[in-house]
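Student: sequence and predicted structure are below.
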Amino acid sequence: MIEQRKRSPLSYRERQYRYQLDTGGLIASEVRVGETDLHILAEVDVTELATHSVIRYRTQLENYIVSKSSFHGSLLPFPSDSLAPPIIKEMISAGSAAGVGPMAAVAGAIAGCVGRDLVLQGISEVTVENGGDIFMQRSRDSMIAIFAGASPLSHRLGIKIPKSMMPVGICTSSGTVGHSLSLGKADSVTVLSASVSLADAVATRLGNEIKKAEDIDHALEVAKTISGILGVVIILDSQLGAWGQVELERL
């Protein structure tokens, strides 16, 4: 098993949010390999292409975990490894930048790697969602709804993603929803970055910082110190904090 945590920025139960999204005329493909469960929107059915990518990256991860047994369970930054496959290097780098273990970036890393592969294959319009961690490449402005558990703000707010920001990673961690390994109590921490891996790892780090509403400002200050972060939205109960290139809209 390589997946350490799952998140959802929209709705956790049975991933029903996948079927409530505006597809914008794109075709949905589902790819499930082991714990990896991708929902992909693209101009064409990309099931076969994406499955090959997932198998390749999962094989690299599984082989590395066998050779480096401490990699999977580490909650602290992992030493760099010049001989590691690119996806492993990406996870190590993201974890180190965020101050967490490399597996905090695994879902985002797979989403990002598969998304980039599809773009390289000539798929110009694509969104890859992996347990709530998203790679997005669209030619138009898009909207991501925020699911924040029992918070009264849940499903009430969306983040507008301008086409000029893409490709972009949008990742969410929660201390109250889903199977996430989080040391905090935030209903949702959503992070935007050009690197999906970094967004994933930083969402975990910021989520760990929040035990009460007063911690939101502190978490946003932490986000400002991490290079490569474009924006952050944090929700705890009825409290909200945001920083960076974030345009919120009521839904």
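Tutor: Good, I have the coordinates.
Student: so who does residue 160 touch?
Tutor: The contact partners of residue 160, by Cβ atoms under 8 Å, 6 or more residues apart in numbering, come to 141-143, 247-249. In this view, the C-beta of every residue, glycine as well, is placed from N, C-alpha and C.
Student: please name the bridge partners of it.
Tutor: With DSSP bridges as the criterion, residue 160 is bridged to residue 143, residue 247.
Student: next SSE downstream of the lengthiest helix in the chain?
Tutor: Among all segments of the chain classified by DSSP state H, the helix with the greatest residue count is helix 47-67. In the C-terminal direction, the helix or strand that comes right after helix 47-67 (DSSP states H and E) is helix 69-73.
Student: before we move on, back to that, residues of the longest helix of the chain that come out buried?
Tutor: Judged by neighbour count (16 or more other Cβ atoms under 10 Å), helix 47-67 contains these buried residues: 47, 49-51, 53-54, 57-58, 60-61, 64-65.
Student: which residue ranges of the protein form helices?
Tutor: Using DSSP H, the helices found in the chain span residues 47-67, 69-73, 86-98, 106-120, 196-209, 215-224.
Student: what residues does the first one touch?
Tutor: Applying Cβ under 8 Å, 6+ apart, the set of residues contacting helix 47-67 from outside is 2, 29-31, 33-34, 36, 38, 40, 71-72, 84-85, 87-88, 106, 109-110, 113-114, 117-118, 121, 123, 128.
Student: helices or strands up against the least confident helix or strand in the chain by mean pLDDT?
Tutor: Lowest by mean pLDDT, DSSP states H and E among the helices and strands of the chain is strand 142-145, with a mean of 91. Other helices and strands packing on strand 142-145, by 3 or more Cβ pairs under 8 Å, 6 or more residues apart in numbering; DSSP states H and E, are strand 157-161.
Student: residue 227: what's it in contact with?
Tutor: Counting by Cβ under 8 Å, 6+ apart, the residues that residue 227 touches are residue 97.
Student: quick one: it from residue 221, how far?
Tutor: Using Cβ to Cβ, to the nearest Å, one obtains 15 Å as the distance from residue 227 to residue 221.
Student: what does residue 66 give?
Tutor: Counting by Cβ to Cβ, the gap from residue 66 to residue 221 is 39 Å.
Student: what pLDDT does residue 137 get?
Tutor: The score at residue 137 is 96. That number is its pLDDT.
Student: count of residues packed around the residue nearest to it when sequence neighbours are not counted?
Tutor: Distances taken as Cβ to Cβ, 6 or more residues apart in numbering place residue 167 nearest to residue 137, at 4.2 Å, with adjacent residues excluded. Counted by other Cβ atoms under 10 Å, the residues lying close to residue 167 total 17.
Student: would you mind measuring from residue 167 to residue 200?
Tutor: Spatial separation of residue 167 from residue 200 under the definition Cβ to Cβ is 15 Å.
Student: check contacts around the residue nearest to residue 137.
Tutor: If you count contacts by Cβ under 8 Å, 6+ apart, residue 167 has them with 115-116, 119, 135-137, 194.
Student: report pLDDT for residue 78.
Tutor: Model confidence at residue 78, given as pLDDT, is 98.
Student: can you check residue 25 too?
Tutor: The score at residue 25 is 86. That number is its pLDDT.
Student: same question for residue 184.
Tutor: Note on residue 184: pLDDT of 71.
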